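Q: curious how this folds, go ahead:
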Amino acid sequence: MTSSTLSKIQLRVSDTAIELSFRWKITPSYCTVKLYRTLTDPDPLLIATPTGYGTIALQEPRTLYCEFIKNSGTFTLYTETWREPSLDEVMPKLDAAKTLLNRDEAGEKVLSQKHIAVLYIDGHKEDRWYYAERLQRVFPDYRILQAETLEGGRQILKREGIDCLVLELDLPDMSGFHMLTDCLPSEGSPARPVIVLTRVQNRDLWELAKTNGAYACLWKSNTSGDLLANYVERGLAQIALSHKERSGRLHSLESLQ
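A: Numbers count the residues shown, from 1 in each chain. A predicted model of the protein is given here:
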């Protein structure tokens with residue numbers, strides 16, 4: 001099978017729009033493009049199917065993140081072909097693009113932050129090893145901690161400063177929903193993004209998880225390690241932005257007193 005090759009991409013950002021132009025040597029049969037307003041948005045502004053040569057223009061300022069998705073594989077805008085590249089190929093291009101496009105101060109702070117700690121709780125050993133290994137490859141400066149049970153995860157949360165939690169709902173000792181309750185932010189306690197990554201194929205449960213505080217709910221069968229890493233990054237950026245806005249509100253209140 002001949003792979004679809006992306007021969008040219010041009011990305012132009014202005015104050016009022018982002019324009020994406022692309023040209024294919026071979027037009028892909030199954031491909032979508034997702035464009036997000038910022039790294040922190042869980043849902044895309046636009047999902048489009050490009051064919052041949054074309055341009056996508058958004059009447060929104062500063063779209064910062066773009067994904068090309070073919071079948072179940074996820075590839076960044078800066079990947080030149082549909083084969084899955086090595087990290088050595090992708091990361092320099094992706095880092096350069098983020099530096100250029102991500103002008104949001106809170107987002108940049110998270111993207112460059114060192115020693116972020118991510119806890120992954122999952123009783124399925126093979127799943128846990130795969131996703132934890134992939135997160136460590138994408139984020140070599142992060143600490144990726146693992147727990148097999150909810151109680152084990154609770155012990156790690158007590159002794160470690162965890163910045164992001166990845167959680168399977170189907171745990172050997174109890175339901176992952178108990179952990180969602182544990183992680184609800186309280187006064188003076190910083191929130192952390194909780195990303196549910198589950199084998200359970202039940203949309204009602206996914207929506208219930210988000211209602212109970214999950215930043216996102218992902219089904220394992222449709223989630224690559226790279227896609228999970230994207231959600232971890234966006235979740236951390238969202239928390240940083242929330243902290244920045246909260247600090248701004250507190251500063252405004254103090255100035256009025």
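Q: pLDDT below threshold where in the stretch 1-150 of the chain?
A: Within the stretch 1-150 of the chain, the stretches falling below the threshold (pLDDT under 70) are 1-114.
Q: can you do 90?
A: The stretch 1-150 of the chain contains residues with pLDDT under 90 at 1-116, 137-142.
Q: equivalent analysis for the stretch 151-257 of the chain, please.
A: Those would be 157-162, 174-193, 201-207, 209-215, 222, 224-227, 230-231, 233-257, if you go by pLDDT under 90 across the stretch 151-257 of the chain.
Q: what strands line up against the helix or strand hosting I144, and which way round?
A: Remark: I144 resides in strand 143-147, with elements defined by DSSP states H and E. Partner strands and pairing direction for strand 143-147 (DSSP bridges) are strand 117-121 (parallel).
Q: domain ranges for this protein?
A: Following automatic domain parsing, one gets these domains for the chain: 6-103, 109-246.
Q: only alpha carbons, please: show the strand holding I144 as CSV.
A: Coordinates of each C-alpha in strand 143-147 appear next as CSV, following Å, rounded to 0.1, in the frame of the first residue of the first chain:
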residue,chain,number,x,y,z
ARG,A,143,8.3,11.8,36.7
ILE,A,144,5.8,9.1,35.5
LEU,A,145,4.6,7.2,38.6
GLN,A,146,2.5,4.1,38.5
ALA,A,147,0.0,2.4,40.7
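Q: tell me the buried residues in it?
A: I144, L145, Q146, A147 (16 or more other CB atoms under 10 Å). Backbone N, C-alpha and C define where each C-beta goes, glycine included.
Q: C-terminal to that strand, what's the next element?
A: helix 150-159.
Q: show me which positions of that following helix end up buried.
A: L150, G152, G153, I156, L157.
Q: ok, which stretches of the stretch 101-250 of the chain are helices?
A: 105-112, 125-138, 150-159, 177-182, 203-211, 225-256 (DSSP state H, counting those that start in this stretch).
Q: helices and strands around the shortest one, which ones?
A: For helix 177-182, the contact count by 3 or more CB pairs under 8 Å, 6 or more residues apart in numbering; DSSP states H and E identifies helix 150-159, strand 164-167, strand 194-198, helix 203-211 as packing neighbours.
Q: could you rerun that using 7 Å?
A: Contacts of helix 177-182 with other secondary structure elements, assessed using 3 or more CB pairs under 7 Å, 6 or more residues apart in numbering; DSSP states H and E, are made with helix 150-159.
Q: neighbouring contacts of the helix it packs on?
A: Residues from elsewhere that reach helix 150-159, judged by CB atoms under 7 Å, 6 or more residues apart in numbering: L119, I121, L145, A147, L171, D173, M174, G176, H178, M179, D182.
Q: could the buried residues of strand 143-147 go into JSON lines alongside distance to K210?
A: JSON lines is the format used below for the buried residues of strand 143-147 (distance: CB to CB, whole Å):
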{"residue": "I144", "distance to K210": "24"}
{"residue": "L145", "distance to K210": "24"}
{"residue": "Q146", "distance to K210": "24"}
{"residue": "A147", "distance to K210": "22"}
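Q: which one of the residues you listed is nearest E207?
A: Sorting these by how near they are to E207, with CB to CB, puts A147 at the top with 25.3 Å.
Q: you'd agree the closest one is up against I121?
A: Yes: the criterion here is CB atoms under 7 Å, and A147 meets it with I121 at 4.7 Å.
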